[in-house]
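Asks: turn this into a structure:
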Amino acid sequence: MNEQRRPHQRRFERTLLSCALASCLIWATPAVLAQSTGATVRGQAAADARITATNVATGFSRSVEAGDSGGYALPGLPPGTYRINIEAGGETITRNVTLRVGETVTLDPARVAQPAEGATGELDTVVVVGQQLVETKTSEIATYLSNRQIEALPQNSRHFLAFADIVPGVVFTTGTEGSSNLRSGAQLSNGINVFIDGVGQKDYILKGGITGQDSSRGNPFPQNSIAEYKVITSNYKAEYDQLSSAAVTAVTQSGTNEFKGSFFWDSSDGEWVSRTIREDKGLDRKADTKDLQYGVAFGGPIIQDRMHFFVSYEAKDRDDARRVDPGRNLEIEDLPLQFQDEARSTTNSPFREDLYFGKLSWTPADDHLLELSVKRREEDELTSIGGQNLLSSGTVKTGEETRIDLRHQYNATHWLNDAHITFEDSSFAPRAASNENGYLLFIPRAGEEANNNPGMDQIIRTGGGGDFQDKGQKGYSLQNDFTFFGWEGHTLKAGIKYKQIDISAFEQSPSSPQFRYDGLRSLTVPYFVQFSASGNGYPTTVDSDSKQFGIYLQDDWDVTDRLTLNLGLRWDYESTPSYEDHVTPASLVSALQAWPNINNANVDYDYNDYISTGGNRKAFKDAWQPRVGFSYDLGGDERHVIFGGAGRSYNRNQFDYLSYEKYRLAFQRYELNFNTPGHTCTVGPTCFDWDPSYLDPANLAALVAGTSNGAEVFLINNDLKTPYSDQFSIGMRNAFAMFGHDWNSSVTLMHVRSHDGILFTMGNRYPNGEFRNNPALDWGGQPWNESLPGWGRFFLGDNAVETRLNSLLLSLDKPYTRESHWGVSFAYTYSDAEENRSNSDQFSFDYPNLDGVSFTDALGVSKHRLVATGIADFWGITASAKLILASPKSVEAINCFATTAPGNCYFDPYRPDGTVAYKQFDVALQKEWDTGTDVKLRVRGDFINVFNWRNYSPGEYSNWRGFDGNPDANFGRRTGDGIERPTRTFKLTLGLVW
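Replies: Residues are numbered from 1 along each chain as shown. Here you go, the predicted structure:
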């Protein structure tokens, strides 16, 4: 097993010559970084006026001449504070403005104050503060997260995406095991994409949306390297790809003309974390925990005004509490003595992460910009322990990622060219912590102790277990955007991206035999085993040399000085040879053709739709994505703007799902019974008399060598499409003065429908072709034991998952400014979210398919959610606060109450009673001291969940509605004390700034 060829061990099979040739071609033609991070300043000046924007921190400068009518545009400006000079007729008008990531703003000198005396002198002698311009004339539903908010707002994880939680329509959640994810609306986290410096971070294999975010407690990027970012929940323009819900576009820190640096060390000791309810009651022992984070960042000039550098490092070192809770509500003391010591020692789950980032920026001339950035992520952790899993049954997860981005930007009089060459290498490799056989202790269900072959309940699991995986993506891309602004009233963008990516997946599940023991009959002789074995000649690793291609055209057209139209069209294509060239094994085809259960008129599918010949599958070519929007300035002063739009956006099929039909053949999963007292069976292909030699995996494998008896099979539809969403919105933005300060508000109605998510259903059928053995039975009766002859259960993969969202988004904010010393924001979201699957998963075994399945409330989505934040400076202290209030989330429930007609049992989600089901109030205080040198000392305290509000987990509520007209008395009631973390937590941070 250890000799298997692993994805991250493969080498890029491209020559330096080919890469050099590609780079020459990319700069030799007018090409295209997505303009998603560069800001644009536009406006009116005198005809033939010269407009020059100079970054006050780096000296970066760009100039343009106004057209005959006086209109001008300066696109592609890195976010920051700029001095803008407008020269005409021998006079110069100077304004200082601050530009945010990816925004387009109008500069009206009459509305922007003249710089204070001295602020127009040498850049290195004064601190220049620019007036914040606000983008209102856009159809995008976007919210900006400033560097001030990232630095000041309370937080516990240093995960830069956690701040997206303050955006209407977006939720950042942390699971009980510490992993985090970002989702928007009714769709799951795999619908998002994050663009850092214009380059997408999409995970092509796993479901986290971006690399490093699937079941990880780590952060995808060092927070001290993020300058600011923007979250677009809908109506993004044509340059955004590989997503179907929210887009996040972030810009990284850069060096400046001054040497600057920072260091931080923060800790949240176990004694600073309040007890859970179970710990207070003595039901759980409070384990010692550790949460330590530290890092450093440094940047400065190499050549003043021309070349700068920035480097950073962050580390995370955690020990999270875990506790063994045996099944059937047993205590550790009730376990056999041989397991008690290990159960008591299962107390902590360690995690370690190192993040590195470096960036070099060079402006050889005013019309050229070169940037080279490198990111490195390394993490490892021990997971899947606690609950019924003892320490030895845990899973060791390792993750590694390297990304390199080489960017060149060229600015001409009427056009801008932005080009990227990127490289990425990301791997995810969980493996069992122990190579021993798995030991699963069961006992018969209550009342069935004396039965032969009783129903069994799991008590604990020890020994080796879990999966052995090695999955990764490695390759390069050429990405180019071309912007033309020489056509009066129009800003035209055209983009092209080509990506060659080697995607691979290796999975053996389970990685070692899993033996089940009946605790009432024998602790040494098992009655059942599940294991996986190879040897059938199928490749153990699924490799695919995938190719991606995308093009777009976008026209931002100022029809009048009040009406702007955003007209875009995008097309994407992806070839995945491992799916397209797959050949269904002849023995499997023969078994399907000969099985009468699926060859009769009652069967609801045609198995021929899933048999691949290696030539009857094609890559999806219909990913055309029109995206249109408008904004209308009611008063012509950008204070009251109506906006709206409609568009389509394609995501992608996850490679992990596409690989099921291959690696499940390579390591076929078998289930064998042993003819033992209380668990008798007829000796045959799937039943054997027990022999201690079967504890050797090789001898187990010999029992099934050359056969597929009991092996699970996955088949995928030959006409698989790519998931997508259709988005519609209408809203209004307002900029107004209140209490002597500038405020911004927005109200938006949004409708989103997603389609064609992949879903696996059961392909097995009864001899009469039905999915249920007795249509009069409303619950149970699926054909679990109707195995495909010579094989076992098999599953069908189709495009089936759909979601619907109607949402109201409200926001109100007063941006923080140095002059006012304070800022606040309020974000309210109403979500009517529905989905047609039962459990927010990629498997559904309760229906033959989703045709005609009714839409129900999307699980995990609150109808009402309010997030408020505030930042204030006083007495040399920076104080900040964040409040989250959310109504109950939809919880999965089973409805068998009404049984007057066949098939009335169904998943029927409900919401627990109450107005506010989740509430959390966080506060942070920071004090900075001047040491009399260039170094300043910082001390900060973050108080998370200040009032220690108890937020009960949805799983603590009874979800059984009743059966056959008899309601369950406990339905909807809270039956447990499990709560969502965090409990009240204090985090101390010490830092230096220079």
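
Asks: which residues does the nearest residue to Ser807 once chain neighbours are set aside contact?
Replies: The shortest distance from Ser807 to any non-neighbouring residue, by Cβ to Cβ, 6 or more residues apart in numbering, is to Met750 (4.5 Å). C-beta: built from backbone N, CA, C; applies to glycine. Contact analysis of Met750 by Cβ atoms under 8 Å, 6 or more residues apart in numbering lists 141, 169, 233-234, 727-729, 731, 805-809.

Asks: would you agree Glu151 falls within a helix?
Replies: Yes. Membership of Glu151 in a helix is supported by DSSP: H, G, I helix; E, B strand; the rest coil.

Asks: count the neighbours of it for me.
Replies: 17 (other Cβ atoms under 10 Å).

Asks: what's the burial count for Phe855?
Replies: Neighbour tally, Phe855, other Cβ under 10 Å: 14.

Asks: ah, wrong one, I meant Asp606
Replies: By the measure other Cβ under 10 Å, the count of residues near Asp606 is 9.

Asks: likewise for Asn966?
Replies: 10.

Asks: hey, what's it bridged with?
Replies: Listed by DSSP bridges, the beta-bridge partners for Asn966 are Phe963.

Asks: so where's the stretch 851-994 of the chain shaky on pLDDT?
Replies: Scanning the stretch 851-994 of the chain for pLDDT under 70 picks out the ranges 897-906.

Asks: mind doing that once more with 80?
Replies: For the stretch 851-994 of the chain, residues meeting the criterion pLDDT under 80 lie at 852, 894-908, 954-955, 960, 962-966, 976-978.

Asks: got the contacts of Met750 as TSV, with neighbour count, secondary structure and distance to Ala533 columns?
Replies: Shown next, in TSV, are those (neighbours: other Cβ atoms under 10 Å; DSSP: H, G, I helix; E, B strand; the rest coil; distance: Cβ to Cβ, whole Å):
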residue	neighbour count	secondary structure	distance to Ala533
Ile141	28	strand	52
Gly169	27	coil	47
Thr233	28	strand	47
Ser234	31	strand	48
Gln727	24	strand	47
Phe728	15	strand	51
Ser729	23	strand	53
Gly731	22	strand	58
Leu805	25	strand	44
Asn806	16	strand	50
Ser807	23	strand	49
Leu808	17	strand	54
Leu809	24	strand	52
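
Asks: if we can go back for a sec, from Leu206, how far off is the residue nearest to Ser807?
Replies: Counting by Cβ to Cβ, to the nearest Å, the gap from Met750 to Leu206 is 28 Å.

Asks: what's the answer for Val704, then?
Replies: Distance, Val704 to Leu206, using Cβ to Cβ: 30 Å.

Asks: these two: which is more packed in?
Replies: The neighbour comparison of Val704 against Leu206 (other Cβ under 10 Å) goes to Leu206, with 23 against 20.

Asks: that's a strand at the more buried one, yeah?
Replies: No. Counting by three-state DSSP, Leu206 is located in no strand; its state is coil.

Asks: doesn't Ala702 fall inside a helix?
Replies: Yes. Residue state for Ala702 (three-state DSSP) corresponds to a helix.

Asks: what about it, neighbour count?
Replies: Neighbour count of Ala702, defined by other Cβ under 10 Å: 14.

Asks: what's the answer for Asn600, then?
Replies: Using other Cβ under 10 Å, Asn600 is surrounded by 12 other residues.

Asks: which SS state does it fall under?
Replies: Going by three-state DSSP: Asn600 is coil.
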